[in-house]
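S.K.: What follows is a predicted protein model with its sequence.
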Amino acid sequence: MILIYLGCSAIAAFALAMALGLAGAPPAAVAHAAFAIGAMPLIFAAMSHFVPVLTRSGGAEPAVHRLPLVLQAAGAAVVAVLAGRAPGWALHGALVAGLVATGLFLAWAVRRGRASLGKPHPGLAWYVAALGCLALALVAIFTGLLWPAAYGALRLAHLHLNTLGFIGLTAIGTLHVLMPTVLGKPDPQAALRLRRQLPWALGGVACVALAGVLPWLSVPAVLIIGGVVGHTVWGWWRTWGAAPLLGDGAAASLFGAALGLLAMVLAGGAHGLGWLPGRPAVGGFFVLFLLPLVSGALAQLLPVWRFPGPMSPARAEMRARLVRFGALRAVLFLLGGGLMLAGFEAALALPAVGVLMFAAALMAALVAGRAGRA
Ligand code: HEM
Ligand code: HEM
């Protein structure tokens, strides 16, 4: 139930972020509605699903399932403070709660890795690295709040560690496992690729985190992170070809998300070197990457969370409802995000339609599933 709630609330948080943006709320409040209320708890939910799979152990304990709710409450407090609706001390409370919940979750993932039957799947190390980035990002902004002279640089470290480190590493680690599941076809190269790419990806994230003070590090950052994402996309293309990747709504969304991440890394290099302003990258990251990623992943995962156990007709029907129009939604996100980066702000209407389409499909699928079960 908690997983389904977090899936639905992420979509609601994305819609809230778009509404806050249109209403002229401060950009940092808009960003945290999407990232801290929506994406952060959903990532923890997805990890609590995948860590047992990667370590061949039993399902997560109920206490672990409840940790994402703590993170969501922290995210809501951050948005309230940044929107000027709550006192500043609530930000410190949110930071402490976020750090404690992240630490507990990290300890659980490491413990599961140690207790794994045989070696854990290399995807687990990506999750550990991603959680480490989130913890560092929270420590960075906390330090910045206490040490105003360094606030500018630490804020840049916070936002890059969170977007490319926490969300980016989770996404790349998960996509290697999720894409073969979506397509129902194995990827014999996935484990090897994950193992080889992780040190590079970490090096790339370290370069971005430090690029705020040493802008030339933008060049290796783009080459390394772009190389990792490009290598993955190329590997999928060579293994499966265009027809399966574009033929299924969930696969097309996830493939679109990988292309969107690649575009954002290139755009990041351009603002890092001062050729473009940095701020539009936040909206670009949300629309070009997070929206196709989350809608594609939820189309695959929500039916499994709603109807656990062996494959059933009810689960297949729910999946069919959610993947329908997945490719069209991906086009709306990529086209809208591209136009927004080019300065056409009204193009936000395209991803907004995509989010509403997914929300409608989700509600229809949940109602039909309930009727089917009754
Ligand atoms: C408990 C969790 C978090 C806290 C307390 C927090 C706190 C903050 C603070 C205080 C700022 C500076 C705002 C300003 O200078 O106006 C900031 C900026 C930022 N944070 Fe977070 N943050 C959290 C989680 C996240 C997450 C999970 C992400 C993304 C995955 C994220 C992405 C960003 C971005 C993109 C900015 C720059 C926003 C802008 O100026 O447009 N944050 N954060
Ligand atoms: C490899 C990719 C990236 C590199 C190398 C990079 C590098 C940089 C650098 C060096 C700065 C400081 C520029 C300055 O102070 O003038 C910066 C600022 C910024 N970056 Fe990135 N970045 C990347 C990706 C991203 C992504 C994906 C986002 C999306 C959230 C983002 C959001 C921002 C923001 C919001 C600023 C600050 C703009 C401001 O408030 O002045 N960056 N970036």
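M.R.: Done, it's in. Numbers count the residues shown, from 1 in each chain. Ligands and ions are numbered 1, 2, ... in the order given.

S.K.: SS state for G309?
M.R.: coil (DSSP: H, G, I helix; E, B strand; the rest coil).

S.K.: OK, contacts around the one residue sitting closest to the centre of the chain?
M.R.: Residue closest to the mean C-alpha point of the chain, counted by C-alpha atoms, centre = their mean, is I167 at 4.4 Å. I167 makes contact with F35, A39, I43, A130, L290, according to C-beta atoms under 8 Å, 6 or more residues apart in numbering. Backbone N, C-alpha and C define where each C-beta goes, glycine included.

S.K.: among those, which are within reach of ligand 1?
M.R.: Among these, the ones lying near ligand 1 by C-beta under 6 Å from any ligand atom are F35, A39.

S.K.: tally of neighbours for A94?
M.R.: The burial count assigned to A94 is 25, neighbours taken as other C-beta atoms under 10 Å.

S.K.: got the contact list for it?
M.R.: Taking C-beta under 8 Å, 6+ apart as the test, what A94 contacts is A74, G75, A77, V78, V81.

S.K.: How about the residues of the stretch 101-250 of the chain by ligand 1?
M.R.: When proximity is defined as C-beta under 6 Å from any ligand atom, the stretch 101-250 of the chain approaches ligand 1 at L138, I141, R155, H158, L159, N162, T163, F166, I167.

S.K.: right, and the pair among the residues you listed with maximum separation?
M.R.: Comparing every pair within these by C-beta to C-beta identifies R155 and I167 as the most remote, at 17.0 Å.

S.K.: where's the residue of the stretch 251-374 of the chain found nearest ligand 2, which helix or strand?
M.R.: With C-beta to the nearest ligand atom as the measure, G268 is the residue of the stretch 251-374 of the chain nearest to ligand 2, at 2.4 Å. For G268, the enclosing helix or strand under DSSP states H and E is helix 249-272.

S.K.: next helix or strand past that helix?
M.R.: Stepping forward along the backbone from helix 249-272, the first helix or strand reached (DSSP H and E) is helix 280-284.

S.K.: Next, the angle helix 249-272 makes with the helix or strand following that following helix.
M.R.: Of the helices and strands lying after helix 280-284 in sequence (DSSP H and E), the nearest is helix 291-306. Taking axes from the mean of the first three to the mean of the last three C-alpha atoms, to 10 degrees, helix 291-306 and helix 249-272 form an angle of 140 degrees between their directions.

S.K.: so how far is the helix or strand following helix 291-306 from its chain's centroid?
M.R.: Next helix or strand after helix 291-306 toward the C-terminus (DSSP H and E): helix 313-323. Using C-alpha atoms, centre = their mean, to the nearest Å, the mean C-alpha position of helix 313-323 is found 23 Å from that of the whole chain.

S.K.: what do you get for stretch 158-173?
M.R.: Computed by C-alpha atoms, centre = their mean, the chain-centroid distance of stretch 158-173 equals 8 Å.

S.K.: For that stretch, list the C-alpha coordinates in CSV.
M.R.: Provided in CSV are the C-alpha atoms of stretch 158-173 (Å, rounded to 0.1, in the frame of the first residue of the first chain):
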residue,chain,number,x,y,z
HIS,A,158,24.1,20.1,-3.1
LEU,A,159,22.1,20.5,-6.3
HIS,A,160,24.6,18.7,-8.6
LEU,A,161,25.2,15.8,-6.1
ASN,A,162,21.4,15.4,-5.8
THR,A,163,20.4,15.6,-9.4
LEU,A,164,23.3,13.8,-11.2
GLY,A,165,24.5,11.8,-8.1
PHE,A,166,21.5,10.7,-6.2
ILE,A,167,18.8,10.6,-8.9
GLY,A,168,21.2,10.0,-11.8
LEU,A,169,23.1,7.0,-10.3
THR,A,170,19.9,5.4,-9.0
ALA,A,171,18.4,5.8,-12.5
ILE,A,172,21.3,4.3,-14.4
GLY,A,173,21.7,1.4,-11.8
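
S.K.: What mean pLDDT does it get?
M.R.: Average pLDDT, stretch 158-173: 98.

S.K.: hmm, back to that, ok, so of the contacts of A94, who is nearest A320?
M.R.: Distances from A320 to the contacts of A94, taken by C-beta to C-beta, are shortest for G75, at 32.0 Å.

S.K.: May I see the buried residues of stretch 362-374?
M.R.: When neighbours are counted by 16 or more other C-beta atoms under 10 Å, the buried residues of stretch 362-374 are found to be L362, A365, L366, G369.

S.K.: count of neighbours near the closest residue to the second one other than its chain neighbours?
M.R.: The shortest distance from A365 to any non-neighbouring residue, by C-beta to C-beta, 6 or more residues apart in numbering, is to R321 (4.2 Å). By the measure other C-beta under 10 Å, the count of residues near R321 is 18.
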